[in-house]
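A.B. asks: Need the 3D shape of this:
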Amino acid sequence: MADYVTSFGTDIEATLPPYPLRIRWVLSVCLAIVCVIGLFGNGLVMVSVIFSKKLQTKTNVFVFTLAIADFMTCCGMPFSSISFVHEELPFPYALCTFGACLIWTGVGSSTINLAYIAYNRFILITRSRTAYDNFFCPLNISLMVMFSWAFPFLLYIIPVFVILDGNGYTEYFHVCMTDAFAYLGIFYMIPSSIVIIVCYIKIFRYIRSHSVGLKSRSNAEAPSSSQSQGSAEYTKSNPTNVTLLSSPPKSPKPPMRRKKSSVDRSISSRQVQVTKNMFFVVCGYYICIMPYAIVTSFTDFVDEKVVAIVLPWTTSFMLLNSCVNFVIYSFNHPQFNTVFRHIVTCKLQDIPQPSPLLQRLLRV
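C.D. replies: Numbers count the residues shown, from 1 in each chain. As a prediction, the model looks like this:
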């Protein structure tokens with residue numbers, strides 16, 4: 001049977017007392033709360049994308065997949081929440097293993113999709129629209145989404161069934177989430193983290209240089225506008241030259257340039273705002289997952305008693321990430337916020353740019 005011994009290679013149960021039941025109850029309640037909020041929030045994100053064409057963008061394909069991954073993680077939590085408060089597993093080991101696979105596959109897929117989102121924002125902001133459309137074509141997006149599911153699934157399912165004989169139960173903690181193969185996370189965690197960090201640094205540098213360019217351009221346009229105002233005043237003060245100075249028609253080109261420039265600025269600011277929201281999602285993810293990553297990475301250098309106390313809490317805190325994204329969208333993403341409000345208040349007819357599916361539902 002896979003137990004705490006599997007994770008650290010020492011006879012923990014012989015040297016440590018049983019894990020306190022009262023702490024397991026607290027952890028069980030915490031998981032249950034995260035599960036309920038996560039199922040509701042991620043379900044709301046998915047329904048919002050399905051119901052509103054305004055949210056059906058290429059970036060939101062990965063946001064939608066991220067919501068599915070977090071929803072899947074939450075679906076695996078009830079097994080651990082129930083097993084926490086029982087001395088023996090109250091249901092078959094197969095269900096326990098199923099719950100563990102849901103959690104680890106969801107966590108892995110979330111990490112990979114966050115990297116996809118970072119790269120998507122990088123290409124959209126720093127490259128031409130043609131380059132963006134060429135790379136994020138339907139075929140490439142489909143392959144990326146399939147990889148985000150297949151890789152973490154195979155990464156955990158093969159060791160669990162081959163090495164642990166299909167048992168995902170950790171006996172010492174009474175939890176359906178073996179940490180015996182937590183180290184396998186480095187195969188997607190490190191590459192994804194590199195992509196995320198590099199992309200957002202490059203985005204930040206590009207936006208900063210772009211802002212400086214816009215500011216210098218505005219300063220350069222200021223003298224020309226004042227010059228034109230001066231010539232107009234001169235025309236009014238010299239009536240003898242009225243026909244000569246007023247005869248040339250006003251050129252429409254400068255207003256067109258100013259209009260185009262203002263449109264570019266609005267598009268840029270909108271994309272920057274969306275990128276900021278996605279960056280907040282990444283920050284929330286790393287805040288939640290880093291304590292667990294640190295503990296599992298340094299188990300050989302930390303006292304076993306400390307690890308035994310801290311590990312369940314860091315694991316639960318890691319799973320908190322499954323309900324964080326919904327909160328970020330609610331407060332910082334105006335488009336999601338609007339659709340959320342109409343869905344929760346049952347005003348589906350007010351959803352902006354309703355999808356064909358929603359239109360059919362409203363006609364029923």
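
A.B. asks: where's stretch 329-336 relative to the chain centroid, distance-wise?
C.D. replies: Offset of stretch 329-336 from its chain centre (C-alpha atoms, centre = their mean, to the nearest Å): 13 Å.

A.B. asks: try stretch 102-122
C.D. replies: On C-alpha atoms, centre = their mean, the centre of stretch 102-122 falls 7 Å from the chain's centre.

A.B. asks: now stretch 274-281
C.D. replies: Centroid separation for stretch 274-281 versus its chain: 8 Å, with C-alpha atoms, centre = their mean.

A.B. asks: So for it, what gets flagged as buried?
C.D. replies: Neighbour counts over stretch 274-281 (16 or more other C-beta atoms under 10 Å) mark 274, 275, 277, 278, 279, 280, 281 as buried. In this view, the C-beta of every residue, glycine as well, is placed from N, C-alpha and C.

A.B. asks: Can you get me the start-to-end distance on stretch 172-192?
C.D. replies: Distance across stretch 172-192, first residue to last, is 32 Å (C-alpha to C-alpha, to the nearest Å).

A.B. asks: Now that we have the buried residues of stretch 274-281, can you turn them into CSV and tack on pLDDT and distance to residue 25?
C.D. replies: Shown next, in CSV, are these (pLDDT from 0 to 100; distance: C-beta to C-beta, whole Å):
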residue, pLDDT, distance to residue 25
274, 79, 41
275, 82, 42
277, 83, 36
278, 84, 37
279, 87, 37
280, 88, 33
281, 89, 31
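
A.B. asks: so where does residue 359 fall, helix or strand?
C.D. replies: Element membership of residue 359 [criterion: DSSP states H and E] is helix 356-363.

A.B. asks: List the buried residues for stretch 299-308?
C.D. replies: Using 16+ other C-beta under 10 Å as the test for burial, stretch 299-308 gives 299, 307, 308.

A.B. asks: quick revisit: what about the helix holding residue 359, average pLDDT?
C.D. replies: The average of the pLDDT scores along helix 356-363 is 93.

A.B. asks: What ranges does the stretch 151-300 of the chain have for its strands?
C.D. replies: Assigned by DSSP state E, counting those that start in this stretch, the stretch 151-300 of the chain shows no strands.

A.B. asks: what residue ranges in it score low on pLDDT?
C.D. replies: Along the stretch 151-300 of the chain, the parts satisfying pLDDT under 70 run over 160-168, 178-184, 212-268, 270.

A.B. asks: Okay, helices next: where are they in it?
C.D. replies: Ranges of helices within the stretch 151-300 of the chain are 186-237, 242-246, 253-297, based on DSSP state H, counting those that start in this stretch.

A.B. asks: who's in contact with residue 348?
C.D. replies: Shown in contact with residue 348 (C-beta atoms under 8 Å, 6 or more residues apart in numbering): 51, 342, 354, 358, 361, 362.

A.B. asks: what does residue 74 give?
C.D. replies: So residue 74 contacts 34, 35, 38, 39, 42, 106, 322, 323 (C-beta under 8 Å, 6+ apart).

A.B. asks: and what of residue 291?
C.D. replies: Per C-beta under 8 Å, 6+ apart, neighbours of residue 291: 314, 317, 318.

A.B. asks: The second one and residue 288 touch, don't they?
C.D. replies: It stands for residue 317. Yes - the pair residue 317 / residue 288 is scored as a contact, 5.9 Å apart, by C-beta atoms under 8 Å.

A.B. asks: May I have stretch 289-306 as PDB, with CA atoms only?
C.D. replies: Extracted in PDB, the C-alpha atoms of stretch 289-306 (Å, rounded to 0.1, in the frame of the first residue of the first chain):
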ATOM      1  CA  ILE A 289       1.800  26.700  -5.200                       C
ATOM      2  CA  MET A 290       5.200  27.900  -4.000                       C
ATOM      3  CA  PRO A 291       4.900  26.800  -0.300                       C
ATOM      4  CA  TYR A 292       4.100  23.200  -1.500                       C
ATOM      5  CA  ALA A 293       6.900  23.200  -4.100                       C
ATOM      6  CA  ILE A 294       9.400  24.400  -1.400                       C
ATOM      7  CA  VAL A 295       8.400  21.800   1.100                       C
ATOM      8  CA  THR A 296       8.400  18.900  -1.300                       C
ATOM      9  CA  SER A 297      11.800  20.000  -2.800                       C
ATOM     10  CA  PHE A 298      13.600  20.200   0.600                       C
ATOM     11  CA  THR A 299      12.200  17.200   2.400                       C
ATOM     12  CA  ASP A 300      15.700  15.600   2.700                       C
ATOM     13  CA  PHE A 301      17.000  18.700   4.400                       C
ATOM     14  CA  VAL A 302      14.200  19.400   6.900                       C
ATOM     15  CA  ASP A 303      13.200  17.500  10.000                       C
ATOM     16  CA  GLU A 304      10.600  14.800   9.300                       C
ATOM     17  CA  LYS A 305       8.300  16.100  12.100                       C
ATOM     18  CA  VAL A 306       8.300  19.600  10.600                       C
END
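
A.B. asks: For the stretch 1-150 of the chain, give me the ranges with low pLDDT.
C.D. replies: Within the stretch 1-150 of the chain, the stretches falling below the threshold (pLDDT under 70) are 1-15.

A.B. asks: and if we set it to 90?
C.D. replies: Residue ranges of the stretch 1-150 of the chain with pLDDT under 90: 1-21, 87-89, 91-101, 104, 125-126.

A.B. asks: Now residue 103. Nearest residue, chain neighbours left out?
C.D. replies: For residue 103, ignoring the flanking residues on the chain, the nearest one in space by C-beta to C-beta, 6 or more residues apart in numbering is residue 76 at 3.9 Å.
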